[in-house]
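Engineer: kindly generate the corresponding structure for this input.
(chains A and B)
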Amino acid sequence: MTKKSSKSNADETPKPRAGKKITSSSTAEYFSKNLQQVGFSSPTKAVLTTVKEAVDNSLDACEDHGILPEINISIEKLGPGTMKNTDKLRIIVDDNGPGIPDEDISKVFGEYLASSKFGRGRCSRGQQGIGISAATTWALQTTATPVRVISKTKDQRKAVSCSVEVDLKNNKGLTRDRQTIDWNRPHGTSVEFIMEGRCQLNGEAGLLSYLRGNVLVNPHMTLNYTLPEVGSATYERVTKEVPHVPEPIEPHPHTMKLGEFMAHGRLFGRTKLQTWLKTGFSRMSDNVIKDMWKAQKLPMALLSKGVESVSDEQLKAIYAAVHATTLMAPSTQSVISIGEDAMSLSVERLGEIDFFAVATRKPTICDFKPIQVEIAIARIHGGESDEPVQVLRFANRVPLQFDKAACAIVKAITTVNWRAYGLRQPKDSLPTGPYILAISVVSPFIKFKNASKETIDASDELVEEIRRAIMQAGQRLARHLSRENKAADLEEKIQHIEKFGPVLVDTLVRITKSAEKRKEAAYAGLKKILGRDTDVAQNKLASAETKLDEANTARKKRLKAFRDEDSALDAMRAPNPEDVETSLEDDEIDAEEIAVSKKSAKEPKKSPKSPKSPQSKKSAKAAKPSILSVFAPEKPGKKGKFKEPVKVVKASKPPKTASKKPTAKPAKAPAKKTKPAANKK
Amino acid sequence: MASIHKPRVGRVNADILKQCLSVCDGMLTDLEKARRPVLKATKCSLDNSLYDHRLGYLTPGDKKVSTELNVSSVKKMSRAIFMLEVLLRNLETGSVNTKRELYYISKGEIKHNPLLKALDFGDQDESDEVIDFICEMIEAYREEMNCFANDRGGQTYSQQLVVTETMPDGTQAVIDLSQLGTSPFQPKNRPQNLTLKAKKKIDFGLIIESEGTANTLVANGFTKRHNSIVIGAGGVPSNAVRGWAKRIQDQLKIPLFFYGDLDAYTIQNIYRTLKAGSASSLIRNSDFSAPEVRFLGVLPEDITKYDLNDYAVNDKDPSEARSLKKAKDALQNDPFFKDKKNRGLAEILEWLAKNKRRCEQQSYYAVAPRDPQMAEKIIVEKIKRGNFV
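Structural biologist: Have a look, this model is predicted:
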């Protein structure tokens, strides 16, 4: 109970007894006693959360500064821990990010709720500034060892090295042993924790699953890691484009509740009502306001009044009018999209992928917040079929690994009828098969179920939106499976002719005790009859295969175009005002539509409504032809020109998560899709 | 109007052999001439079922299932001819087999000839389907192809009945059912080999749905007190039971009554099959149905008359719900229930579909719980008063 409330309820609540003072605790003290609330509930989760918080911070910082991230993670066992079933571990996460200014190091690693991201309305991974300070606290609690930080910004000649610990009483970070050192990189940050914990590698809650998830949703990231028992591995980046960092935009009026709406208005003081509505919100142009005023029969004079002179009743009427008006969906400028193209490239880093389908939904409003859902369905080559699919969940591009059952994503998956898309599915359960199902939810305001951000709250609207994304990708998957099955069916028929024809004639001859001459004649006749069928079947098969080949070729072509454009963008990173002028509004273009408007995207159309905005480059990218979302590589398991995703340098065995294949195969064996060349005509 | 479909009891093997050879020869000739052979089989389904009350059983209509040789049907056709060869060999040698044994015989053939591997049956259902197709194609009973099912149901008790069985070698065995003690007589899958004679006038035959209840009636002295034949059907009547009832009807010319549960399943699956055959056995109904059998009960009016314990049909039970749905379908589509001569039975089915009640045959035992003969008394009373449909 807060001090204020205890005062206001003084009549009902007993007064504190003499000698018992009501004291205030610092935020740091609170969290140090409740680390389980922020992801440090067990030694296993402590290790995972520490890595996760450090990586999230690195990626956010790199994106903020337009740097292509290269992150190195190293976990080393130093000996047994004092707690049961734990080890003393050295965890180092370093990056090539912008570095942390000297004076901010203690705040970042030693102070709770010190964040540059809080309340900005952006889709950054970190929000409150709790996680990494909690990791420092855990390290101090378990080994009494402060965190070692090395950081260098591009303006610094030498790097700063220091130890940071948390002053729990005052919620302050304390730096010790500060020294400047030579560091052979232009900028970056390295953080080293000595802590007790348990390094769990495999399973859904394992480190490898976390790293694989990060690799999928961060195609621009190069990741190197060294883990106990696994050794070293490298995932090279597949795109050189840093995701556009969403600028904080004005709130969408439909995302506000009445109280928020009125409080927002009061901030604008004497500003004219029309100006407030137009500049204080997104998607509220003069025309929209005018139409809304007419439709809702509001007095026109009100528009020229200052906001502070508008009564509460009038504001309530305006609020109701705004909500009764259909407005454009919130802008993509407020959400980060991985994009179908980038995800298509990234998904191949997950292992031997047979084919995949990806889908990016248009941003929409769920529960008054802008939200965007993206999905990738990938089939693992050679997998088996009686295990549930692997589900990778992401919230603002951060993998979610715990409390799966209650998550909106899992609820959406289980309510979809996967049988319609060619997958097996026990009732009300996850589908089965050798598939990876990666679903990313991006929003500036994701509604988590708990402070450790492990599960997305399953509201009806959000579940429905995720379902729609799944269905979109599912349809693409089904189309592909259908083509595969057709090819397999036709091939089977041709084999039937070869197998059964001679048996039929032989048996008939035996039954009728006919002479050899009849047998030969029947053979000749059968050949003629079935030869005609074979021709028809082969033509159909060839046609089905041609369609598959065309799909693959188109995809490759577009991936190449994507890479070329990626490089071109890299080269002309400097802003070009003309590009800005010719941009399209990316957020209104659905991936499917893009494919259709390929030509128009290449010849940008002048739109008087297109604002000059720094989004133009992204818009231009979004307007390029969409990637073919479903494809099958030429040979299953081959990764084309991409680098081998996992290079085991020191390791004895590959990561188990990567090899943990669900045991299902699709109903019709995809292996049959490669028809022997001899059958082709 | 159904064409008059004469029973073909005693069709000799030579006829079937000749017909099969003719089919195969025709196929071979077609192939020689590069024509696609076509196998035609009688369509055995309700939409090809006809009912004429003068005949009293379901007969096939004109619809045929044609299988033309093409890339899709070559497997089915090859399997059919392969199995036909096995069956013809049995006919030639006089060997008999069950469907299960035929499944394994085909497995053995395939094991010893790798060229036949493509024909291999995944399970018995596949080989059964092929055997049924062959029978429908040449309109032969399975038994005529020397393929027999297990003898099931039909335990028969009587103090007056004497059965003479003609064995395959021509010898005869005479069985006096009164000399069997407590053992019942078990009719065979080929009841056409049985000749019946009554030592003394037999008043009626009673076919009871539950073999257990039949045993109880006999144990309590039913056959001692009444000149009768008591048969336990054992659920849906097997070919043996159907053929046996037909034999009794034709040779002894005694009234036959069926006594079973009052529910949709019993009326349309058990009783209808016994009386008029089934849609899936259109080609054999002539010899495997007893159109004279009357439905003794339980009748809907018995529930009130004897204050029987009945209960509601559980809509949530899938099998019961399915039976109700089938009852409604039968009223609209089944020629047996649509025939005006069977109006009484259709009314019972309508009553069941409307009231969603059911009453079991054993409920007669609730009438006078301390009188073990009460069920017998009710049955006899119903027969005497003509209280049946």
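Engineer: what segments of chain B are strands?
Structural biologist: Per DSSP state E, chain B carries strands over the ranges B:38-42, B:49-51, B:58-60, B:64-68, B:155-158, B:161-166, B:172-176, B:194-198, B:204-208, B:228-232, B:256-259, B:294-297, B:310-312, B:357-359.
Engineer: helices and strands around the second one, which ones?
Structural biologist: Which is strand B:49-51. strand B:58-60, helix B:335-338 (3 or more Cβ pairs under 8 Å, 6 or more residues apart in numbering or on different chains; DSSP states H and E). Heads up, the C-betas are built off the backbone N, CA and C, glycines and all.
Engineer: okay, these, which one's buried deepest?
Structural biologist: Each of these was scored by mean neighbour count; the highest is strand B:58-60, a mean of 25, by mean count of other Cβ atoms under 10 Å in any protein chain shown.
Engineer: which other residues reach that strand?
Structural biologist: For strand B:58-60, the external contacting residues (Cβ atoms under 8 Å, 6 or more residues apart in numbering or on different chains) are B:2-3, B:5, B:42-44, B:48-52, B:276-279, B:282-283, B:285-286, B:289, B:335-336.
Engineer: out of those, list just those in helices.
Structural biologist: Using DSSP state H, B:276, B:335, B:336 are the members of the contacts of strand B:58-60 that sit in helices.
Engineer: nearest to chain A among the residues you listed?
Structural biologist: Of all the ones in helices among the contacts of strand B:58-60, residue B:276 has the smallest distance to chain A: 36.0 Å, by Cβ to the nearest Cβ.
Engineer: excluding chain neighbours, what is closest to the closest one?
Structural biologist: Once flanking residues are discounted, residue B:276 sits nearest to residue B:57: 4.6 Å by Cβ to Cβ, 6 or more residues apart in numbering or on different chains.
Engineer: and residue A:88, by the same measure?
Structural biologist: Among residues not flanking residue A:88 along the chain, residue A:78 sits closest, at 4.4 Å (Cβ to Cβ, 6+ apart).
Engineer: so the one you found, which of the three states?
Structural biologist: Here residue A:78 is recorded as strand under DSSP: H, G, I helix; E, B strand; the rest coil.
Engineer: get me the contact residues on chain A for chain B.
Structural biologist: Within chain A, the positions near chain B by Cβ under 8 Å from any Cβ of the partner chain are A:493-494, A:496-497, A:499-512, A:514, A:518, A:521-522, A:524-526, A:528-530, A:533-534, A:536-537.
Engineer: looking at chain B, which helix or strand does the model trust least?
Structural biologist: Lowest mean confidence among the helices and strands of chain B (mean pLDDT, DSSP states H and E): helix B:318-333, at a mean of 86.
Engineer: which of the residues in that one are buried?
Structural biologist: Neighbour counts over helix B:318-333 (16 or more other Cβ atoms under 10 Å in any protein chain shown) mark B:320, B:323, B:324, B:326, B:327, B:330, B:331 as buried.
Engineer: quick check, nearest of those residues to chain A?
Structural biologist: Distance to chain A, by Cβ to the nearest Cβ, is smallest for residue B:320 among these, at 21.8 Å.
Engineer: so who does the closest one touch?
Structural biologist: Residue B:320 is in contact with B:313, B:314, counting by Cβ under 8 Å, 6+ apart.
Engineer: do the same with the one 3 residues further on
Structural biologist: The neighbours of residue B:323, taking Cβ under 8 Å, 6+ apart as the test, are B:263, B:264, B:265, B:268, B:269.
Engineer: touching, residue A:421 and residue A:482? I think so.
Structural biologist: No: taking contacts as Cβ atoms under 8 Å, residue A:421 lies outside contact range of residue A:482: 9.7 Å.
Engineer: neighbour count for the two, which is higher?
Structural biologist: Between residue A:421 and residue A:482, residue A:421 has the larger neighbour count (other Cβ atoms under 10 Å in any protein chain shown), namely 23 against 14.
Engineer: any idea how far the more buried one lies from residue A:101?
Structural biologist: From residue A:421 across to residue A:101, the span is 51 Å (Cβ to Cβ, to the nearest Å).
Engineer: what of residue B:152?
Structural biologist: The gap separating residue B:152 from residue A:101 is 90 Å, by Cβ to Cβ.
Engineer: residue A:178 should be in a strand, yeah?
Structural biologist: Yes: the assignment for residue A:178 (three-state DSSP) places it in a strand.
Engineer: might you report the residue contacts of the residue nearest to it when sequence neighbours are not counted?
Structural biologist: Nearest residue to residue A:178, sequence neighbours excluded (Cβ to Cβ, 6+ apart): residue A:162, at 4.2 Å. Neighbour list for residue A:162: A:105, A:148, A:149, A:175, A:176, A:177, A:178, A:179 [criterion: Cβ under 8 Å, 6+ apart].
Engineer: repeat that for residue B:221.
Structural biologist: residue B:373.
Engineer: now with 10 Å?
Structural biologist: Contact analysis of residue B:221 by Cβ atoms under 10 Å, 6 or more residues apart in numbering or on different chains lists B:372, B:373, B:376.
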